[in-house]
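> sharing a model prediction with you, sequence too.
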Amino acid sequence: MHLDNIIRFDKVNLLRSQTKVLNDLSFSLSEKRVGIIGHNGSGKSSLVRLINGLLQPNSGNILVHGKNPSAGPQKMSADVGFIFQNPDHQIIFPTVEEELSFGLINQGYSKQQAQEKALGILVEHQRSDWAPKAIHSLSDGQKQLVCILAVLVMEPKVLILDEPFSALDLITRYQLLNLLDTLPQQVVMISHELETLENFDRILWLEGGKIFQDGTPAEVLPEYYASARKFRS
Amino acid sequence: MSQDKSLVQIALYAALIAAMGLIPPIPFVTGIPITVQTLGVMLAGVMLGPWRGALSMALFIFVVALGAPLLSGGRGGLGVFMGPTAGFAIGFPFAAFAAGYMAILLRRLPIFPATLLAAIFGGIVVLYLFGITGFKIISGREWLDAASVMAVFIPGDLVKAVIAASVAQAVAKGLPDAILTRKG
Amino acid sequence: MISLYMAHPSWLHRLPAGYKLLGLMLLSILLYPVANLVLMALMFLLTLILYASVGKPAIRQLILLKPLAPLFLLIFLMQSWSVGWLSASLLVLRMLVLILLANLITLTTRMDDMMAAIAPMFAPLKLFNIDPKRIAFAVTLLIRFVPVLMAVIQHLMEAWRARGGKRQVWKLAIPLTIQSIRLSDHVAEALAARGGISTISNPRVSNHESR
């Protein structure tokens, strides 16, 4: 296995005000599509934030495609793209073009180069007319697509999605899933919609900051569903 | 805290003040409607502290001057700074600074009285100093006259100071880290 | 949506923002000593003609003065009571002229042009190690998040009314403030995830050339 395209956690501990959020977590992800599931408060969001350095572990080692996230999110942003749950929390600029150019300018491209690249990815995804559009005129699904494109245009090696579909209707959800299928990046996705993880290569089920189950979707998803179904009277 | 995070806070509080301009004015006993916007000025100072509070209000006023209709009633543009209430707009950053400074001085008091006094000092004493001065310059009236015209707004602003203190108290319960004047 | 700017080209649009601002500043000084009512009324008329020359949408903007009417009336009445109607009329006309002209600049100047015209004023900030680009970024953030927070307010007010809320609307200030604090945490996080605001002289990240 080549060290350059895996995400490796080695005895990672994370504390938040005295309580253990992640407990001695060790794993190594080489699969192209990894899903993370678990009940609220199980540590999913913290785990993915460790991958791009938004959080730093209290102990243990992390290596993401050969890089250590202790360098901080700014250094990791070129390699790890992060999509959050609510597009309104991450879109910073009033127009699509400015939004797509932002990360590129951070990477050192000139304004003009960045605009060209931004237009390029819009054309590639048949949205060339979007460039001058005002963000607030887009639907939630369209905004989430802008978020994904804004990250993809930076050509990261890993794409992290933290419940990206929560606010989206079924059709938009499928359309975005189709897009994810075509990406060359390693994808790590948190989702409560188990269906969206069916085609993934591997599922981590987190519980109380530890890995509760680890396997293929066929192995893990039915058990997770059954464990939750018990609570429906 | 990182510089970027401070910048985001400054911008978001400025946006909050703008959004507050949308809450319909409350018709008060004096018959003069009070807007919720100066409440935001008090909050910016009390929550963000003197420097960030002042910067966020300066940003707000700056964008208003650029032409955004963000003052209550959809007012904006350079015309605001030529009108009789120009002093208030210009006083926003100073009022927020004063409120924040006072909140730090009083941080050993319980949160409600501390933020109430800070809001009164910044949002009324200091803000009116600017407002009355502005009104005097633009209308050419005498100090006492100018002050008496503006005095009708004071009861409403006292109510706002109480509201600012209750908001601060509520936030202190839910998100204690968000009140920067009470750290350390 | 968030600017008063009129995307309706006119001769005044083509005038550089700096000239317009300078003109307003000069006029505000020059108008002070004017004590001739006819002259002042003429200036007011001239201002209205200026609006007309810019086009119909500009004339429609005159409505913006409406909320100020009660205050103007109050000032006029008090001023005529203490120093006479002549100086009261002078004062009110002068204020109207300046407000209208300032507003006309706003109507005919794009925000980024205005920003470019004002930007040199920020140069001294460099002494305090504040990069003017950060100010531009803060303006962008503000413009982006006003509609988001306005939507939050609208939702809060709907929920408030749906539950029969009438009095004490001010209580909405509490959830509004809490939500904007949360929003600001999220935005700061998302910003960090995309490399922060270090938009200046960041060395190109190596993996892009090597790929």
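Right, received. Where do you want to start? Residues are numbered from 1 along each chain as shown, chains lettered A, B, ... in the order given.
> ok, A:Ser42 touching A:Gly208?
Yes - using Cβ atoms under 8 Å, A:Ser42 is in contact with A:Gly208, at 6.5 Å. (C-beta placed from N, C-alpha, C; glycine too.)
> between the two, who's got more neighbours?
Comparing A:Ser42 with A:Gly208 by other Cβ atoms under 10 Å in any protein chain shown, the one with more neighbours is A:Ser42, at 20 against 14.
> before we move on, what SS does the more buried one have?
Put simply, A:Ser42 is coil when judged by DSSP: H, G, I helix; E, B strand; the rest coil.
> now it: how far from chain C?
From A:Ser42 across to chain C, the span is 20 Å (Cβ to the nearest Cβ, to the nearest Å).
> ok, the residue nearest in space to the middle of chain A - contacts?
Chain A has A:Ile160 as the residue nearest its centroid, 1.6 Å off, counting by Cα atoms, centre = their mean. Listed by Cβ atoms under 8 Å, 6 or more residues apart in numbering or on different chains, the contact partners of A:Ile160 are A:48, A:51-52, A:80-83, A:187-189.
> with A:Asn5 instead?
In this structure, A:Asn5 makes contact with A:30, A:65, A:157, A:186, judged by Cβ under 8 Å, 6+ apart.
> with C:Gly55 instead?
When the contact criterion is Cβ under 8 Å, 6+ apart, the partners of C:Gly55 are C:8, C:10.
> quick check: closest non-adjacent residue to B:Val162.
In this structure, B:Val162 finds its nearest non-sequential neighbour in B:Leu116, 6.4 Å apart by Cβ to Cβ, 6 or more residues apart in numbering or on different chains.
> surely that neighbour is in a helix?
Yes - using three-state DSSP, the assignment for B:Leu116 is a helix.
> just the buried members of the contacts of A:Asn5?
Of all the contacts of A:Asn5 considered here, the ones buried according to neighbour count by 16 or more other Cβ atoms under 10 Å in any protein chain shown are A:65, A:157, A:186.
> the nearest residue to the first one once chain neighbours are set aside and A:Gly81, how far apart?
Same thing as A:His65. Taking Cβ to Cβ, 6+ apart, and ignoring the residues beside it in sequence, A:His65 has A:Lys157 as its nearest neighbour in space, at 4.9 Å. The span separating A:Lys157 from A:Gly81 equals 9 Å under the rule Cβ to Cβ, to the nearest Å.
> mutual contacts of those two, please.
The overlap between the contact sets of A:Lys157 and A:Gly81 (Cβ under 8 Å, 6+ apart) consists of A:Gln185.
> so where do the strands sit in the chain?
Defaulting to chain A. If you assign secondary structure with DSSP state E, the strands in chain A sit at A:7-16, A:19-29, A:33-37, A:59-64, A:80-83, A:158-162, A:186-190, A:202-207, A:210-215.
> sorry, I should have been clearer: chain B.
Here chain B has its strands, by DSSP E, at B:26-27, B:33-34.
> with distance to B:Met42 and mean pLDDT added, can I get the strands of chain A in TSV?
Below are the strands of chain A laid out as TSV (distance: least, Cβ to Cβ, whole Å; pLDDT from 0 to 100):
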stretch	distance to B:Met42	mean pLDDT
strand A:7-16	32	94
strand A:19-29	35	93
strand A:33-37	43	96
strand A:59-64	43	94
strand A:80-83	36	92
strand A:158-162	35	94
strand A:186-190	39	96
strand A:202-207	43	95
strand A:210-215	46	94
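> alright, that wraps it up for me.
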